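Trainee: after the sequence you'll find the predicted model.
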Amino acid sequence: MTSSTNRQTSAKAMLAIAFAGSVLTLQSPVFGQEPPKTSSSSVIDVIAMNVKATPEAKAYYLLQLAYCYCTGGDTTGLEIHIKSNLIKSDNLSLFYSSYRGEPFLGSWASSVSLLSQSVAKEEQSKTGDTKISKEHRTFADKAITAAVAQLGSDFKEPLALKLNMYLIASCLSRITGNTQNEQMCTKELNAAIQACEASKTVDSGQIKAVASILNSMAFGLIPIRIPDYQAQSPSQLPEFDRKNFDESERLRLRAAALLDRLPTGDQERRKAHRDLSLWYSQLGRDDKALKEKEELFKLVGVKDDRILYPQSGVCGHPMWWTTEKLTYESNCGMG
């Protein structure tokens, strides 16, 4: 079973990666340290009542605040940053539009999923120490509640972004111990997942959004990231128990089953089986890894282990599912 120290280290590493380049570089999250005092939680109300910002932008910033309260980050610096954006003509949306991409939110959701699992494990054996101050726990819960209200309003962003935010809100609520908020978000997630699984219509966007959420949940249980390019040296595997393996596997297989509804040439369908094969390999389940690899071979039409990793194409763009050596006769003009 994973030790508390290993879980914390892994969680911090993933969170650092997820937030590289964002406003949260203003913080230095060190979970377990006493967070700095904030002047008030008025910024939460300022965001929630802003009439110019979109619901998705407001939910995004509210969840950033909640995360900051939960992890002992520089809440004062983040509040000042957000307030400074509110006085601009384009409000929150300018900064939000730069970081709203699905890869960013998907990485954040996976990392917060991992952190919440780590905290839940610690709570089972805690000695009475409080990880979050009472004040910041209150602020975090208020920000999460306000964010969930925005998600339930006129939210126009793609389903993937909405579900990622629900997952982040659910995981942060687990960290604060707010069962009501956690259950509310989990209910929305389960409804979306079950609706997708029960649907007779092949909706590519819906399938990929739900599959992404299932994989983020699975990552929280066993934090193994499968790189696109072959690693130079094997990474240290996290310790895990059978219960976490079974649940993580179940979630990943549900995601793959949904993606299998898409055409055989779909990139995400192929990568689902490729990633599963490598995931099983890293965990020593060679028989299952072989089964997934053979499924990939059928989808691609090439039976060669070299297709598990892409070649570097023009300007570094990966070229998947080919064993032929790539050659270039001209430059792309991008340097």
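Mentor: Looks like it came in fine.

Trainee: would you map the helices across the stretch 151-300 of the chain?
Mentor: Along the stretch 151-300 of the chain, the stretches classed as helices by DSSP state H, counting those that start in this stretch are 159-176, 179-198, 204-221, 242-259, 267-282, 286-300.

Trainee: give me whichever of the ones you listed is most buried.
Mentor: Comparing the helices of the stretch 151-300 of the chain by mean neighbour count (mean count of other Cβ atoms under 10 Å), helix 159-176 ranks first with a mean of 25. In this view, the C-beta of every residue, glycine as well, is placed from N, C-alpha and C.

Trainee: chain center to it, what's the gap?
Mentor: In this view, helix 159-176 has its centroid 9 Å away from the chain centroid, taken as Cα atoms, centre = their mean, to the nearest Å.

Trainee: can you name every helix or strand that it contacts?
Mentor: Counting contacts by 3 or more Cβ pairs under 8 Å, 6 or more residues apart in numbering; DSSP states H and E, helix 159-176 packs against helix 55-71, helix 102-124, helix 134-151, helix 179-198, helix 204-221.

Trainee: shaky segments in the protein?
Mentor: 1-41, 85-103, 123-130, 157, 231-235, 314, 316, 326-335 (pLDDT under 70).

Trainee: at 50 what do you get?
Mentor: 1-40, 89, 91-101, 127-129, 335 (pLDDT under 50).

Trainee: in it, which residue is closest to the centre?
Mentor: The centroid of the chain falls nearest to residue 109 when counting by Cα atoms, centre = their mean (2.5 Å).

Trainee: what sits against that one?
Mentor: The contact partners of residue 109, taken as Cβ atoms under 8 Å, 6 or more residues apart in numbering, are 164, 167-168, 171, 213, 216.

Trainee: residue 44: which of the residues you listed is nearest?
Mentor: residue 168 (16.1 Å; Cβ to Cβ).

Trainee: picking up where we left off before, any chance of the helices and strands packed on helix 159-176 in JSON lines, with distance to residue 282 too?
Mentor: What follows is the helices and strands packed on helix 159-176, written out as JSON lines (distance: least, Cβ to Cβ, whole Å):
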{"stretch": "helix 55-71", "distance to residue 282": "28"}
{"stretch": "helix 102-124", "distance to residue 282": "16"}
{"stretch": "helix 134-151", "distance to residue 282": "34"}
{"stretch": "helix 179-198", "distance to residue 282": "26"}
{"stretch": "helix 204-221", "distance to residue 282": "13"}
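
Trainee: so which of those helices gets nearest residue 228?
Mentor: helix 102-124 (12.1 Å).

Trainee: between helix 179-198 and the closest one, find me the angle.
Mentor: Per axes from the mean of the first three to the mean of the last three Cα atoms, to 10 degrees, the angle that helix 102-124 makes with helix 179-198 is 130 degrees.

Trainee: which positions in helix 102-124 come out as buried?
Mentor: Residues of helix 102-124 classed as buried by neighbour count (16 or more other Cβ atoms under 10 Å): 102, 104-119, 121-122.

Trainee: can you list contacts of stretch 140-150?
Mentor: By Cβ under 8 Å, 6+ apart, stretch 140-150 touches 41, 44, 47-48, 55-56, 58-59, 62-63, 65-66, 69-70, 132, 165-166, 169, 172-173, 175-176, 178, 181, 184-185.

Trainee: for that stretch, list the C-alpha coordinates in PDB.
Mentor: C-alpha atoms of stretch 140-150 as PDB (Å, rounded to 0.1, in the frame of the first residue of the first chain):
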ATOM      1  CA  ALA A 140     -12.800  26.800  -0.100                       C
ATOM      2  CA  ASP A 141     -16.300  25.300   0.500                       C
ATOM      3  CA  LYS A 142     -17.800  28.700  -0.400                       C
ATOM      4  CA  ALA A 143     -15.800  28.900  -3.600                       C
ATOM      5  CA  ILE A 144     -16.700  25.400  -4.600                       C
ATOM      6  CA  THR A 145     -20.400  25.900  -3.900                       C
ATOM      7  CA  ALA A 146     -20.300  29.100  -6.000                       C
ATOM      8  CA  ALA A 147     -18.400  27.300  -8.800                       C
ATOM      9  CA  VAL A 148     -20.900  24.400  -8.900                       C
ATOM     10  CA  ALA A 149     -23.700  27.000  -9.200                       C
ATOM     11  CA  GLN A 150     -22.000  28.400 -12.300                       C
END
